[in-house]
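Student: prediction below, plus the sequence it came from.
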Amino acid sequence: MRLFAGALLSSLVFCAQAQSTGPLAVEDRSLSRTSSTSSSAGSSPVNQDGLLLLMQQQEQFEEQLQHLQGQIEELRHEIRVMKDAERERYLDLDTRINTLAEQGKTEQPDPSADAGENDPQADRKAYSAAKDQLIKRDFDAAAEAFEGYLNDFPNGQFRAHAHFWLGKVYSNQKTPQNDKAMAQFQSVVDDYPDHSKAPASLYTLAVMQARAGKVSEAKINLHKLIKQYPDSSEAGQAKTLLDQLDQ
């Protein structure tokens, strides 16, 4: 009887414990799953906010890039304007002043020239006609006239002058022919080193080479100019240009 009572009491205690602890375990598991689900659901808006922030930053970068590209185009335009203005100044101060200065004196023929069968009067007339076109600033007509002179008078008395002015013409045409211009100045330097136009030809050649990015060649010619023609006005200009190129 006592054994039966003890077993019955143990069963009642076990059932009571099962009733008190069982539902709490199930509730805990439910709460855990709910908390996990809430945590997963809450992460989605965070990811979306981060994506939106990245998109906004990308748009800002694109706007900044467009702004910088606009500034670059403006700078390029300003550089083109400055180059055009520099070209106009070059036309006005260089060619025009030189040609006007030549109006006040008669260029002398090269004493070392061998006229051969050339008619001295025809020689001078052809050269003067070409020079007149230059003074009028009709560069295309002047180019054709000087080219004709050099072709028609291979032993002409004014060939050094013609090469020099033809170089000026080529460089001052509406569409400059700088390679041809430099070739003409080089002809004066190589073929007529003792001519009055040799220092100016050498200096102009060096300037054009520097502008074309041929700085080393320009420096060689500038040093050559200073050495061979130390008393010329171009020698002082050469020293100044050398200082600028060395900076």
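Tutor: Cool, got the structure. Since the structure is predicted, the reported quantities are computational estimates derived from the model, not experimental observations.

Student: and Glu217, what element?
Tutor: Using DSSP states H and E, Glu217 maps to helix 215-228.

Student: counting by contacts, list what that helix packs against.
Tutor: Judged by 3 or more Cβ pairs under 8 Å, 6 or more residues apart in numbering; DSSP states H and E, helix 215-228 is in contact with helix 198-211, helix 233-246. (C-beta placed from N, C-alpha, C; glycine too.)

Student: run a quick neighbour tally on Gln244.
Tutor: 8 (other Cβ atoms under 10 Å).

Student: pLDDT score for it?
Tutor: As predicted, Gln244 sits at a pLDDT of 92.

Student: tell me which helix or strand of this structure sits lowest on mean pLDDT?
Tutor: Scoring the helices and strands of the chain by mean pLDDT, DSSP states H and E places helix 97-103 at the bottom, with a mean of 53.

Student: C-terminal to that helix, what's the next element?
Tutor: helix 120-135.

Student: buried set for the helix or strand following that following helix?
Tutor: Downstream of helix 120-135, the next assigned helix or strand under DSSP H and E is helix 139-152. Across helix 139-152, burial judged by 16 or more other Cβ atoms under 10 Å covers Phe139, Ala141, Ala142, Ala143, Ala145, Phe146, Glu147, Tyr149, Leu150.

Student: other SSEs contacting helix 139-152?
Tutor: Packed next to helix 139-152, using 3+ Cβ pairs under 8 Å, 6+ apart, are helix 120-135, helix 159-172.
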